[in-house]
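**Q** Sequence and computational prediction follow.
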Amino acid sequence: MLLHCVVAHESIGKSLPKAFLERVKDEFVSKYGGGKAATTLANSLNKEFGYLHTPKLREHMQYCVDHPEEITKLAKVKPQVSELKGVMMEFFKKRTIIVDRLGNGHFSTIQSAIDSVASYNKNWVYIYVMAGTYREKVKITSDKPFIVLKGEGQKNTFVEWHDHDSSAESPTFTTMADNVVVKSISFRNTYNNNRNANSMEAAVAAMIFGDRSYFYDVGFFGLQDTLWDGQGRHYFKSCTIQGAMDFIFGTGQSLYEDCTISAIGANLGPGIIGFITAQGRTNPNDANGFVFKHCNIVGNGTTYLGRPWRGYARVLFYDTKISNIIQPLGWQPWDFAGHEDHITFAEYGNSGPGSDTSKRVSWLKKLDSSTVSKLATTSFIDTEGWLNTLTQL
């Protein structure tokens, strides 16, 4: 009965997505210790949710409000009734929006759901996107903070668009707001599909310009300039980034952990070598840079680890599995030949056939363990505690 009350508040009459149901179950189990009785109860009620219709949901919601003693009885873990009611109220305070392209949610497009969020909102809003392919451009503007955008899996929920007018105008997904969480969804810019280096254009799948942003189980797919990690502090966990030419670029201060970096250099055509990163740090005092930790570099064709977009570029690959697609030199100076001493390109503790640094460029930075520790931990992007809050959402 408790969980029926929880979902009824914003979801009466709607088909509830798996992602939302899982969140309800996880919070319930977490709150009451994950004991067998609580887990069994949560799972059984969770399974039932998707088949309840409006009158039944209303009935259960009213029952919980009128009979708090039954909540304790049902939970079987004997929490205080007041505490349990407090959990219910916390759920009631959270606005949940369901997007379903087939019309079974509050909105049929993701953008319309985002547009419904009040400007300068100060409370977390959950937007759950049901499985399917959404052909639209999606933008979270700077006045729409505190949004959690969650699909039903990186391989189940897709957002696609086909644009190349400019790097700033082409992104399939853009977020300019601070405090944004994106989970279990993929973004594609399909413009360069079936193109090679002679005809490809900058076609961005995602542009990230907000501060304090967290991406979990998110896919970014393109060919050139796939992920514009523009500015702000960002944490990418268990994501997939695919492309061939400068496909992770920008001036973000970002940690990529347990991510798959898929370099598809073969799509560029014969004799064309790709680049994974193009980082844009402009002076030695800038805090930004890209750190890849416990990642896996895979793909086809051949590629460099990166080249500097700006003169003080900073990139570290740490404890990462590197396949044999990497060029032995590893890096190129691009427009900054003669000023390589300003560039911080570093590799530390990597493995795999592409991790051999014996033939790397002579200006590859040799970082000491203390410096690596500062860069390869979450303290590189967070000294305030914001990340712990976002990863719990």
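**A** Right, received. Where do you want to start? Numbers count the residues shown, from 1 in each chain.
**Q** any low-confidence regions in the stretch 51-200 of the chain?
**A** Where the stretch 51-200 of the chain drops to pLDDT under 70, the residues are 51-94, 196-198.
**Q** At which residues are the strands of it located?
**A** Defined through DSSP state E, counting those that start in this stretch, the strands belonging to the stretch 51-200 of the chain, from first to last, are 95-99, 125-129, 132-135, 138-140, 147-150, 157-161, 173-175, 180-189.
**Q** need those in JSON lines with distance to residue 206 and mean neighbour count, can you?
**A** Where you see a C-beta, it was placed from the backbone N, CA and C, and this is true even at glycine. Supplementary listing: the strands of the stretch 51-200 of the chain in JSON lines, determined by distance: least, Cβ to Cβ, whole Å; neighbours: other Cβ atoms under 10 Å:
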{"stretch": "strand 95-99", "distance to residue 206": "18", "mean neighbour count": "22"}
{"stretch": "strand 125-129", "distance to residue 206": "15", "mean neighbour count": "24"}
{"stretch": "strand 132-135", "distance to residue 206": "14", "mean neighbour count": "16"}
{"stretch": "strand 138-140", "distance to residue 206": "9", "mean neighbour count": "22"}
{"stretch": "strand 147-150", "distance to residue 206": "12", "mean neighbour count": "24"}
{"stretch": "strand 157-161", "distance to residue 206": "9", "mean neighbour count": "22"}
{"stretch": "strand 173-175", "distance to residue 206": "4", "mean neighbour count": "26"}
{"stretch": "strand 180-189", "distance to residue 206": "5", "mean neighbour count": "25"}
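**Q** Serialize those to JSON lines and add fields for distance to residue 295.
**A** As requested, the strands of the stretch 51-200 of the chain are arranged in JSON lines below (distance: least, Cβ to Cβ, whole Å):
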{"stretch": "strand 95-99", "distance to residue 295": "30"}
{"stretch": "strand 125-129", "distance to residue 295": "26"}
{"stretch": "strand 132-135", "distance to residue 295": "27"}
{"stretch": "strand 138-140", "distance to residue 295": "26"}
{"stretch": "strand 147-150", "distance to residue 295": "23"}
{"stretch": "strand 157-161", "distance to residue 295": "22"}
{"stretch": "strand 173-175", "distance to residue 295": "21"}
{"stretch": "strand 180-189", "distance to residue 295": "18"}
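**Q** mind checking which of the ones you listed is nearest residue 280?
**A** Closest approach to residue 280 among the strands of the stretch 51-200 of the chain is made by strand 173-175 (17.6 Å; Cβ to Cβ).
**Q** Distance from the chain centre to that closest one, please.
**A** Between the centre of strand 173-175 and the centre of its host chain there is 11 Å, according to Cα atoms, centre = their mean, to the nearest Å.
**Q** cool, stretch 377-388 as well?
**A** Relative to the mean C-alpha coordinate of its chain, stretch 377-388 is positioned 16 Å out (Cα atoms, centre = their mean).
**Q** got it, and stretch 133-147?
**A** If you compare the mean C-alpha spot of stretch 133-147 with that of the full chain, they lie 13 Å apart, counting by Cα atoms, centre = their mean.
**Q** low-scoring stretches of the stretch 201-350 of the chain, by residue?
**A** Along the stretch 201-350 of the chain, the model assigns pLDDT under 70 to no residue.
**Q** all strands of the stretch 251-393 of the chain, in order?
**A** Chain-ordered strands for the stretch 251-393 of the chain, with DSSP E, counting those that start in this stretch as the definition, fall at 253-257, 260-264, 274-279, 289-293, 296-300, 303-308, 314-318, 321-322, 344-348.
**Q** okay if I get these as TSV plus distance to residue 184 and mean neighbour count?
**A** Compiled in TSV, the strands of the stretch 251-393 of the chain are given as follows (distance: least, Cβ to Cβ, whole Å; neighbours: other Cβ under 10 Å):
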stretch	distance to residue 184	mean neighbour count
strand 253-257	16	24
strand 260-264	15	23
strand 274-279	24	26
strand 289-293	21	25
strand 296-300	19	19
strand 303-308	28	25
strand 314-318	26	24
strand 321-322	24	20
strand 344-348	31	22
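**Q** Between these, which one is closest to residue 337.
**A** Using Cβ to Cβ as the criterion, the shortest distance between residue 337 and the strands of the stretch 251-393 of the chain is 10.1 Å, found for strand 303-308.
**Q** I'd like to know which elements that closest one is packed against.
**A** The helices and strands touching strand 303-308, judged by 3 or more Cβ pairs under 8 Å, 6 or more residues apart in numbering; DSSP states H and E, are strand 274-279, strand 314-318, strand 344-348.
**Q** Please repeat the previous calculation with a cut-off of 6 Å.
**A** For strand 303-308, the elements it packs on are strand 274-279, judged by 3 or more Cβ pairs under 6 Å, 6 or more residues apart in numbering; DSSP states H and E.
**Q** Can you name every helix or strand that the strand it packs on contacts?
**A** strand 245-250, strand 303-308.
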